[in-house]
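J.: I'll drop the sequence and a predicted model, then ask my questions.
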Amino acid sequence: MSSVAKHLADLGIVLPVPVAPIANYVPFVRTGHVLTISGQISLGADGLMAGKLGGGVSIEDGQKAARQCALNVIAQIQAAVGNLDNVVRIVRLGGFINCTPDFVDAPKVMNGASDLMVEVFGDKGRHARSTIGVAALPANASVEVEATVEIA
Amino acid sequence: MSSVAKHLADLGIVLPVPVAPIANYVPFVRTGHVLTISGQISLGADGLMAGKLGGGVSIEDGQKAARQCALNVIAQIQAAVGNLDNVVRIVRLGGFINCTPDFVDAPKVMNGASDLMVEVFGDKGRHARSTIGVAALPANASVEVEATVEIA
Amino acid sequence: MSSVAKHLADLGIVLPVPVAPIANYVPFVRTGHVLTISGQISLGADGLMAGKLGGGVSIEDGQKAARQCALNVIAQIQAAVGNLDNVVRIVRLGGFINCTPDFVDAPKVMNGASDLMVEVFGDKGRHARSTIGVAALPANASVEVEATVEIA
């Protein structure tokens, strides 16, 4: 068992089955040592976490949605590289928060994704990040997260 | 005639003249084998495809707008590398859909861009993708698409 | 004194202290010769430039906000590479404009950032760019700018 896989087991985290794209694109592309992961929405075992921050969805629920997106990102990384020990660095996360125009706490929501990355990968999980509040997301998902990853 | 150019001709696709940036930036930058294409809006031979999805613009018209953005992306790639056979892989498309807050079908709209990439480049056109619904776009364009491309 | 540092002094530009992330991420990540800078909001010496374009913030004030974001980006680049002469190319800026749904002049606002890059780095500052209007930004900042930079 790889070191990260063991760490995931110790944390009690079971990765979801990677979500298949619902259109004419792929979940990830490798270019040299850079892995680009398609935007992952907040779709979990219990269904889609949907709705707008500032419009009925609490910050706590938004954080859970962001964490779910990050789990989906990690599942795609594993599908791409096989062994998560091949992750050299989580380079960047792009966080898209589905929210009302008066919502100002997008970073707090996105922390649900960032914290998971550091929890799972340690210092290799510390990433650059851009977080924005968007008018709408696919299927009304609460959060979408895309990623750039350096791999061995 | 290059292989992709011949394929374009077979498909009856005539690339538009690359759109010049309207400000102090450039349409593309090459860094090693990675080509970064600036966001291209839905400006075609018949003018700008404008307006919001969910606010008067149909999904079908949105798909045409996304396809036009992708045509503009390919025109910029050709301007950058000369011969489209130098495209190794369309790595990533970023799709920005100008829409109302209740619009949930951004992926369907963005398929207009993704489908064109696969139509033109085959398996090399299969890309990672992030699609979001945005509050506003330059000049009220319906769609904007940015791209990352691996080149020989 | 490096050449870019001297040019900054000639222009009378004093770089701000790099803004520390307010969460579990880092302001930049280096991968090979590519430097990824986290989204920088319009926070300056006089506080946060906040509010929406199209909703009380003028285009001129938006341009100042975009310029402030770009100053924060340059401060992060300097923190990352030490000497700004190590900048080979500003590859890409992503511009997020906090605006109302009817705002169509996001590119004019973003020029505040683009112009500064060319002012400071000359031809090395000419970048690819994507500009979008977003529903909301962290802390209600008027503008957020992220960057990709090629470094020696």
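T.: Structure received. Numbers count the residues shown, from 1 in each chain, chains lettered A, B, ... in the order given.

J.: which helix runs longest in chain A?
T.: Assignment by DSSP state H gives helix A:59-81 as the longest helix of chain A.

J.: and that one, is it in reach of chain B?
T.: No. Helix A:59-81 does not reach chain B (Cβ under 8 Å from any Cβ of the partner chain); its nearest approach is 9.4 Å. Every C-beta, even on glycine, is put in place using the N, C-alpha and C of the backbone.

J.: alpha carbons of the following helix or strand past that helix, as PDB, please.
T.: As assigned by DSSP states H and E, the chain's next helix or strand after helix A:59-81 is strand A:87-98. Extracted in PDB, the C-alpha atoms of strand A:87-98 (Å, rounded to 0.1, in the frame of the first residue of the first chain):
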ATOM      1  CA  VAL A  87       2.000  13.400  -6.600                       C
ATOM      2  CA  VAL A  88       4.900  15.800  -6.400                       C
ATOM      3  CA  ARG A  89       2.800  18.900  -5.600                       C
ATOM      4  CA  ILE A  90      -0.800  20.100  -5.800                       C
ATOM      5  CA  VAL A  91       0.100  23.200  -7.800                       C
ATOM      6  CA  ARG A  92      -3.200  25.100  -8.100                       C
ATOM      7  CA  LEU A  93      -6.800  24.800  -7.200                       C
ATOM      8  CA  GLY A  94      -9.400  27.000  -8.900                       C
ATOM      9  CA  GLY A  95     -12.500  27.300  -6.800                       C
ATOM     10  CA  PHE A  96     -15.900  28.400  -8.200                       C
ATOM     11  CA  ILE A  97     -18.500  29.100  -5.600                       C
ATOM     12  CA  ASN A  98     -22.200  29.300  -6.700                       C
END
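
J.: and after strand A:87-98, which helix or strand comes next?
T.: Following strand A:87-98 toward the C-terminus (DSSP H and E): helix A:106-121.

J.: follow-up on the earlier one: dump the C-alpha coordinates for the longest helix of chain A into PDB.
T.: C-alpha atoms of helix A:59-81 as PDB (Å, rounded to 0.1, in the frame of the first residue of the first chain):
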ATOM      1  CA  ILE A  59     -21.100  28.200   4.800                       C
ATOM      2  CA  GLU A  60     -20.700  24.900   6.700                       C
ATOM      3  CA  ASP A  61     -22.600  23.100   3.900                       C
ATOM      4  CA  GLY A  62     -20.600  25.000   1.300                       C
ATOM      5  CA  GLN A  63     -17.400  23.700   3.000                       C
ATOM      6  CA  LYS A  64     -18.700  20.200   2.800                       C
ATOM      7  CA  ALA A  65     -19.500  20.700  -0.900                       C
ATOM      8  CA  ALA A  66     -15.900  22.100  -1.500                       C
ATOM      9  CA  ARG A  67     -14.400  19.100   0.300                       C
ATOM     10  CA  GLN A  68     -16.500  16.700  -1.900                       C
ATOM     11  CA  CYS A  69     -15.200  18.500  -5.000                       C
ATOM     12  CA  ALA A  70     -11.600  18.000  -3.700                       C
ATOM     13  CA  LEU A  71     -12.300  14.300  -3.000                       C
ATOM     14  CA  ASN A  72     -13.500  14.000  -6.600                       C
ATOM     15  CA  VAL A  73     -10.300  15.800  -7.700                       C
ATOM     16  CA  ILE A  74      -8.100  13.300  -5.700                       C
ATOM     17  CA  ALA A  75     -10.100  10.400  -7.200                       C
ATOM     18  CA  GLN A  76      -9.300  11.700 -10.700                       C
ATOM     19  CA  ILE A  77      -5.600  12.100  -9.800                       C
ATOM     20  CA  GLN A  78      -5.500   8.500  -8.700                       C
ATOM     21  CA  ALA A  79      -7.200   7.400 -11.900                       C
ATOM     22  CA  ALA A  80      -4.600   9.300 -13.800                       C
ATOM     23  CA  VAL A  81      -1.400   8.200 -12.000                       C
END
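
J.: packing partners of that helix?
T.: With contacts taken as 3 or more Cβ pairs under 8 Å, 6 or more residues apart in numbering or on different chains; DSSP states H and E, helix A:59-81 sits against strand A:28-31, strand A:34-41, strand A:43-44, strand A:87-98, helix A:106-121, strand A:143-151.

J.: could you list the low-pLDDT ranges of chain A?
T.: A:1 (pLDDT under 70).

J.: how about the residues of it that lie near chain C?
T.: A:33-34, A:54, A:89, A:91-93, A:97, A:99-108, A:110-111, A:114-115, A:117-118, A:126-135, A:148, A:150.
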